[in-house]
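Asker: How does the following fold in three dimensions:
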Amino acid sequence: MAKDELFEKRLEKLNRLRDKGIDPYPNKFVRSHTTVEARAILEKPGENQDVSEITLAGRLVSMRSMGRLTFAVIRDGKGQIQVSFERDSMGIEKYSVLKDLDLGDFIGVKGEMYRTRTEEVTLRTLELTVLTKSLRPIPEKWHGLKDVEQRYRQRYLDLISNQEVREIFEFRSKFISTLRSLMEERDFMEVETPVMLPVAAGAMATPFVTKHNALDRTLFLRIATELHLKRLLVGGYDKVFEIGRVFRNEGLDASHNPEFTTMESYEAYGDYESTMVMVEELLSSIAQKLLGTTIVEFRGEKIDFKPPWERISLVEVVKEWAGIDLFSTENKTAVGLRKSMIDQGLNPAEGTSWAQMADKIIGDVVEPKLIQPTFLLDYPVAMTPLAKFKKGDDNLVERFEGFIGGMEIANAFTELNDPIEQRERFAFQEKSREEFAKEEFDRLDEDFLVAVEHGMPPTGGLGLGIDRLVMVLTGQSTIREVILFPQLRSLE
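Answerer: Residues are numbered from 1 along each chain as shown. You can find the predicted model right below:
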């Protein structure tokens, strides 16, 4: 039957219900138990439990009629349960309402709990209430919703059809809740910072542009929460964090979505070493609390979150794995680095900056090898304008990125709090933007510089990619499986 015909058939049933004086969309329904609680009455009996006055509500997901007796299954947000309808106990008129129900409808049932002859926990319905008439069918029970594109575009159908998908997002919720609790245990204060900004600074990324009509002002969706969080350390807070969405106007692939969720934290008097220890402890604790183990399987690999994670020098592994010494005399210039990359079979685009070429080497050669939890340490200053120099080496800054399964999951600095040096770094970024128009560089935020000129304490800063971490912990191969409503290409 065509979809339009199904819609019309259901519409006819809707009208028949109304003709019988039944409101198919009542305002409210009070239930006494969830399906899980109702099952527990018989599965885990306790003293003084009344089985005769149980009221449940949920979506109708299966129904089979045997004349005067009908069995159905309803599902709520906690689980599902079988319910039965008997014409003799309900009466002919009330029982006839079943003819106008379809899978996908929401119903309320009141009755008594019992076990069938096959020992199935069941509610014998004495009162039936139609709560929502569904005009479109839900996915077929046994085959579910398999089309990947449809699953993402109509996530509500995916959640109805695929229990394992529901479990992923329930896990995600628990992950964020647990992360928040662990940060609060460490005496971090959760805060909220602006999403729309006059300057899209704090990272090297293309922003989304919007317009504030009342202010007649162009604004940008934030690409990071960093600079406002650091303002709060200037203001006197010692430990702050924020969990929220950031937006980058870039491509889509298995590990990138234009809007994604991060946790950023800033701890006064810390550095990147103390932040590394915190990351290890946080993520291994979350895995243990939620999964009962620190070992998970991701893309065919056994990943162990247990500390300590391996720590490796970026410069050394680039030299070893790519055959390129980033700071040899010839490679300190863009021309020289480009030649070395071509010699090693890496082909950067014409007119690429030194920082962009270094990033390509890391992305193409180093990152794919970092399967087990690993900290990649000490980045070139040209790639990291917001971090402090590494003691004894003005080519490098105290920065680490954490990798798991070949993906970046954390980025952290010993934060630069010298306002004069920070201004010079931002100025270099702005100059580079003019020279390499097709690349993204960090932006000069004058208000942030003024804040740092008032004095910011030594600080360890961190960004965690929550979507990718959930991917790893749930064994999902693409980021779209862990974002409820991922961005998709237009159907047109």
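
Asker: now the strands for the stretch 201-350 of the chain?
Answerer: Under the criterion DSSP state E, counting those that start in this stretch, the stretch 201-350 of the chain contains strands at 209-212, 217-221, 239-247, 259-268, 295-298, 301-304, 310-313.

Asker: can you put the ones you listed in JSON lines and add mean neighbour count?
Answerer: C-beta: built from backbone N, CA, C; applies to glycine. Converted to JSON lines, these look like this (neighbours: other Cβ atoms under 10 Å):
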{"stretch": "strand 209-212", "mean neighbour count": "11"}
{"stretch": "strand 217-221", "mean neighbour count": "16"}
{"stretch": "strand 239-247", "mean neighbour count": "20"}
{"stretch": "strand 259-268", "mean neighbour count": "22"}
{"stretch": "strand 295-298", "mean neighbour count": "14"}
{"stretch": "strand 301-304", "mean neighbour count": "14"}
{"stretch": "strand 310-313", "mean neighbour count": "14"}
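
Asker: Mind putting the ones you listed into JSON lines with mean pLDDT?
Answerer: JSON lines is the format used below for those (pLDDT from 0 to 100):
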{"stretch": "strand 209-212", "mean pLDDT": "95"}
{"stretch": "strand 217-221", "mean pLDDT": "94"}
{"stretch": "strand 239-247", "mean pLDDT": "97"}
{"stretch": "strand 259-268", "mean pLDDT": "98"}
{"stretch": "strand 295-298", "mean pLDDT": "98"}
{"stretch": "strand 301-304", "mean pLDDT": "97"}
{"stretch": "strand 310-313", "mean pLDDT": "98"}
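
Asker: could you dump those to JSON lines with distance to Glu367?
Answerer: Output for these, formatted as JSON lines (distance: least, Cβ to Cβ, whole Å):
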{"stretch": "strand 209-212", "distance to Glu367": "30"}
{"stretch": "strand 217-221", "distance to Glu367": "26"}
{"stretch": "strand 239-247", "distance to Glu367": "20"}
{"stretch": "strand 259-268", "distance to Glu367": "17"}
{"stretch": "strand 295-298", "distance to Glu367": "15"}
{"stretch": "strand 301-304", "distance to Glu367": "14"}
{"stretch": "strand 310-313", "distance to Glu367": "12"}
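
Asker: Specify the stretch among the ones you listed that is closest to Glu440.
Answerer: Closest to Glu440 of the strands of the stretch 201-350 of the chain is strand 217-221 (Cβ to Cβ; 12.5 Å).

Asker: Tell me the helices and strands packed up against that closest one.
Answerer: strand 196-197, strand 209-212 (3 or more Cβ pairs under 8 Å, 6 or more residues apart in numbering; DSSP states H and E).

Asker: CA atoms of it as CSV?
Answerer: Extracted in CSV, the C-alpha atoms of strand 217-221 (Å, rounded to 0.1, in the frame of the first residue of the first chain):
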residue,chain,number,x,y,z
ARG,A,217,26.4,44.2,13.8
THR,A,218,28.0,41.2,12.2
LEU,A,219,28.7,38.4,14.7
PHE,A,220,30.3,34.9,14.5
LEU,A,221,29.3,31.6,16.0
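
Asker: Nearest to Phe241, out of the helices and strands packed on strand 217-221?
Answerer: Evaluated over the helices and strands packed on strand 217-221, closeness to Phe241 peaks at strand 196-197, with 18.9 Å, by Cβ to Cβ.

Asker: Stretch 41-53: end-to-end distance?
Answerer: End-to-end distance for stretch 41-53: 12 Å, by Cα to Cα, to the nearest Å.

Asker: just stretch 388-399 next, same as before
Answerer: 8 Å.

Asker: what is the rounded mean pLDDT of that stretch?
Answerer: Mean pLDDT, stretch 388-399: 95.

Asker: can you check stretch 8-15 too?
Answerer: Mean per-residue pLDDT for stretch 8-15: 96.

Asker: Check the offset of that stretch from the chain's centre.
Answerer: Chain-centre distance of stretch 8-15: 39 Å, with Cα atoms, centre = their mean, to the nearest Å.

Asker: In the stretch 101-250 of the chain, mark out all the helices, start to finish.
Answerer: Applying DSSP state H, counting those that start in this stretch to the stretch 101-250 of the chain gives helices spanning 148-153, 155-161, 163-185, 226-234.

Asker: Met113 is nearest to which of these?
Answerer: Here helix 163-185 is closest among the helices of the stretch 101-250 of the chain (Cβ to Cβ), at 23.5 Å.

Asker: Which positions within that closest one qualify as buried?
Answerer: Within helix 163-185, the residues that qualify as buried are Val165, Ile168, Phe169, Phe171, Arg172, Phe175, Ile176, Thr178, Leu179, Leu182, Met183, counting by 16 or more other Cβ atoms under 10 Å.

Asker: for stretch 325-343, same thing?
Answerer: Neighbour-count burial for stretch 325-343 flags Asp325, Leu326, Asn331, Ala334, Leu337, Arg338, Ser340, Met341 (criterion: 16+ other Cβ under 10 Å).

Asker: Columns pLDDT on top of those residues, output as a markdown table?
Answerer: Below are these laid out as a markdown table (pLDDT from 0 to 100):
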| residue | pLDDT |
| --- | --- |
| Asp325 | 96 |
| Leu326 | 96 |
| Asn331 | 95 |
| Ala334 | 93 |
| Leu337 | 96 |
| Arg338 | 95 |
| Ser340 | 96 |
| Met341 | 96 |
